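Colleague: For reference, the sequence and a predicted model appear below.
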Amino acid sequence: MTIIGWLFIIGGLVATFVTSYFARIYWTLVGLAVLAVFIALFIVMLTKSAKRARDVVLPWWGRSVGLWGKLFYCERCDMVYNPGRPDEDVHVSRIHDYLVSRVEQKP
């Protein structure tokens, strides 16, 4: 084999090593970039969910609990009464529907 043949073999080995080394770095960086995008989307999703909970669900829940605190239960007839509205009485099994219908804004 001649010197030129050996140079081609050595050059090919070096090129293969350098190419595979940079290819590993490239694909590692691509994978990290994709992972960073997914993490960013997850954080945005959590932030929006927390904002909705703070702005919509928690005030609605507070109004429901406030109304719940005003109600009285009669064990004898198994009914719930609102003393502020004597014409409203609700069976215990329908208390959730009553609370939802009386709180003006639903989440």
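Modeller: Arrived safely, thanks for sending. Numbers count the residues shown, from 1 in each chain.
Colleague: Next one: the most centrally placed residue in the chain relative to residue 66, how far apart?
Modeller: With distances taken as Cα atoms, centre = their mean, residue 46 lies nearest the centre of the chain, 4.5 Å away. Counting by Cβ to Cβ, to the nearest Å, the separation of residue 46 from residue 66 is 28 Å. Bear in mind the C-beta positions are built from the backbone N, C-alpha and C, glycine included.
Colleague: cool, and residue 47?
Modeller: From residue 47 to residue 66 the distance is 28 Å (Cβ to Cβ).
Colleague: ok, now residue 83?
Modeller: For residue 83, the distance to residue 66 (Cβ to Cβ) stands at 14 Å.
Colleague: what number of residues lie near residue 98?
Modeller: Neighbours of residue 98 under the rule other Cβ atoms under 10 Å: 19.
Colleague: Grab the nearest non-local neighbour of it.
Modeller: Spatial nearest neighbour of residue 98, excluding adjacent residues (Cβ to Cβ, 6 or more residues apart in numbering): residue 90 at 4.4 Å.
Colleague: tell me the SS of the one you found?
Modeller: At residue 90 the chain is in strand, as set by DSSP: H, G, I helix; E, B strand; the rest coil.
Colleague: Am I right that it is in contact with residue 79?
Modeller: Yes. Applying Cβ atoms under 8 Å as the test, residue 90 and residue 79 come out as touching, 6.6 Å apart.
Colleague: These two - which one has more neighbours?
Modeller: residue 90 (18 against 15).
Colleague: Bridged to that one, which residues?
Modeller: residue 80 (DSSP bridges).
Colleague: pLDDT wise, what is residue 71 at?
Modeller: On pLDDT, residue 71 comes in at 88.
Colleague: what about the strands in this protein?
Modeller: Using DSSP state E, the strands of the chain run over 72-74, 79-82, 85-91.
Colleague: which helix is the longest one in this structure?
Modeller: helix 3-52 (DSSP state H).
Colleague: Could I get the average pLDDT for that one?
Modeller: 76.
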